[in-house]
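Fold the following for me, if possible:
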Amino acid sequence: MSYKSLSARIPAYKLHFASGELQRTYQDLVSVVQGLRTEFYNKYKGQFTVAKVLHGYIDFTYFYLQNDYLKKHKLKLAIVFNHQRVQFELWLLGQTKDVQISYWKKLQGVKWVNKDAMPEWSIFEILMLADPDFDDTKALSESIYNAFSALSVEIFNILTVYE
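Model prediction:
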């Protein structure tokens, strides 16, 4: 894929920012993730440590969850909003690239692991919610919470098998 020079891309950049809609939409999406983070913090108090929402690039907004088991194995779970795909994902992360590579190799038989190529930022990524309805944040939150509840149990079961 060839890219135009930075200078050649500036007019389109300015055009997208001119209305303010891009900035408002981005901030609203980040607010949705911040709301989810608060709910997870309250629902999982005592079970997981829930990190603050991380963002800054326009590609992903996310927060980490970690419990004693994950911490011991230098792993984290992340609830990720993928801005390009406009979907929520659950990622298994390693504390370092070496940890991620080690677990990616160890978990080759797992359905979520792409055996041909490790994702750039994670060990594996699971789609939690495609096409979220941002106008019904209560249903959106319930969907994410229910998906996380089911998937985290499955992930922990798999991790203990592959230990």
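
Could you use CA atoms for every contact and neighbour count after this?
Fine.

Skipping its backbone neighbours, what lies nearest the spatially most central residue of the chain in space?
In the chain, the C-alpha nearest the mean C-alpha coordinate belongs to V80, at 1.8 Å (Cα atoms, centre = their mean). The shortest distance from V80 to any non-neighbouring residue, by Cα to Cα, 6 or more residues apart in numbering, is to Y62 (4.3 Å).

Name the residues of the helix ranked longest in the chain that are buried.
For the chain, the longest helix by residue count, based on DSSP state H, is helix 137-161. Of all the residues in helix 137-161, those buried under the rule 16 or more other Cα atoms under 10 Å are L140, S141, I144, Y145, A147, F148, I155, L159.

now do stretch 104-120
For stretch 104-120, the buried set under the neighbour-count rule, 16+ other Cα under 10 Å, comprises W104, L107, V113, N114, M118.

coming back round to it: any idea how far the longest helix of the chain is from the chain center?
13 Å (Cα atoms, centre = their mean, to the nearest Å).

Nearest to T49 among the buried residues of helix 137-161?
For the buried residues of helix 137-161, the minimum distance to T49 (Cα to Cα) is 14.7 Å, reached by F148.

need the contact list for that closest one.
L90, M128 (Cα atoms under 8 Å, 6 or more residues apart in numbering).

Then H16?
Going by Cα under 8 Å, 6+ apart, H16 touches L22.

Am I right that it sits in a helix?
Yes - counting by DSSP: H, G, I helix; E, B strand; the rest coil, H16 falls inside a helix.
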